[in-house]
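Asks: Model the structure of this input:
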Amino acid sequence: MSSENLEKRRSARLRTYAINQALARLEAEHPKFKPEQIVASICAYEEEGNIGGVLEKMPTSIDGKAYTTLVVVDGGDDRTAEIARSFPGVVVIEFPVNLGHGVALQVTYRYCIDHDVKYIVTLDADGQNDPAEIPQVLAPLLNDQADFVVASRRLGVDKTTDRFRKSGVFFFSFIMNRMTGARLTDTSTGYRGLRVTMMADVLDRLTQEQYQTAELLITCLKRGWRSAEVPTIWYPRHSGTTKKGKNWLFGFRYARVVFGTWWRER
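Replies: Here you go, the predicted structure:
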């Protein structure tokens, strides 16, 4: 076996070990816990300045239904996990090391599949998404009008000021629509509603440790799942700086995922 393959195998085993450690801690903190049929998932990496404000704004119910708030803390050295655990009813999966946003999302999806959850809504931990909009994001799922719901800042209001990022949202939406035949206005957002049966179909095809939004959306659309959009308000990050890197680097890496996933799923 080549040294490259050995390194990949080692990395995969370490990742599995870290995930199992996190899930074992969850079981110890919440023995025999069973989530509600709706899970709101927030993946967070060093967001101690933002996570509390996001959790304070979570709705008391969704369309009159109880739901579970799941915070997946992707390692880090700050108080993100501690703050999340201080909120009653919030369930925390805490990785002992940073594994990547895509891995945190994959663990969320697998957890929901394994625990018979029906719907997932994912939102960011940085304060850019308004939790009060969760019911409208999930409405097309609950009404059986879609399997994948995108919260679109272009249909709603984008209060951020980064023109490069706004141009990128338009550019990648155009490219991905041409690739998939969809008519979406915002294909780069992490604020979305997902049907768990759809996730069970596509999860094993997801490989990205970062920039998973494009991979997930293209894979779902190519496999025939229904998409819909709802307008949303997109706020500037409440505090701290983005973990996505400089605009040019983010754009390059995102484009690589877009074209790589399309080639795989074509």
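Asks: Give me the below-cutoff pLDDT ranges for the stretch 1-150 of the chain.
Replies: Low-confidence segments of the stretch 1-150 of the chain (pLDDT under 70): 1.
Asks: I'd like to check what contacts the helix or strand hosting residue 173. Which residues are they?
Replies: Using DSSP states H and E, residue 173 maps to helix 163-180. Residues outside helix 163-180 that contact it (C-beta atoms under 8 Å, 6 or more residues apart in numbering): 153-154, 158, 160, 182-188, 214, 217-218, 221-222, 247, 250-251, 254-255, 258, 262. Quick note: C-beta positions are derived from backbone N, CA and C, even for glycine.
Asks: Buried residues, that helix. List them.
Replies: 165, 168, 169, 172, 173, 175, 176, 179, 180 (16 or more other C-beta atoms under 10 Å).
Asks: With residue 41 as the reference, measure out to the third one.
Replies: As judged by C-beta to C-beta, to the nearest Å, residue 169 and residue 41 stand 22 Å apart.
Asks: circling back: got TSV for the buried residues of helix 163-180, with distance to residue 29 too?
Replies: Output for these, formatted as TSV (distance: C-beta to C-beta, whole Å):
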residue	distance to residue 29
165	37
168	39
169	38
172	39
173	40
175	43
176	39
179	42
180	40
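Asks: Please name every helix or strand in contact with the helix ranked longest in the chain.
Replies: Scanning the chain for the longest helix, with DSSP state H as the assignment, gives helix 3-29. In terms of contacts (3 or more C-beta pairs under 8 Å, 6 or more residues apart in numbering; DSSP states H and E), helix 3-29 is packed against strand 90-94, helix 101-114.
Asks: need the next SSE after it, C-terminal direction.
Replies: Next along from helix 3-29, by DSSP H and E: strand 38-44.
Asks: And that following strand, how far out from the chain middle?
Replies: Relative to its chain's centre, strand 38-44 lies at 8 Å (C-alpha atoms, centre = their mean, to the nearest Å).
Asks: Can I get the helix or strand that comes right after it in CSV, CA atoms only?
Replies: Next in sequence after strand 38-44, counting helices and strands by DSSP H and E, comes helix 51-56. In CSV, the C-alpha atoms belonging to helix 51-56 read as follows (Å, rounded to 0.1, in the frame of the first residue of the first chain):
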residue,chain,number,x,y,z
ILE,A,51,-23.9,30.9,19.5
GLY,A,52,-25.7,32.3,22.6
GLY,A,53,-27.5,35.0,20.6
VAL,A,54,-28.6,32.4,18.0
LEU,A,55,-29.9,30.0,20.6
GLU,A,56,-31.8,32.8,22.4
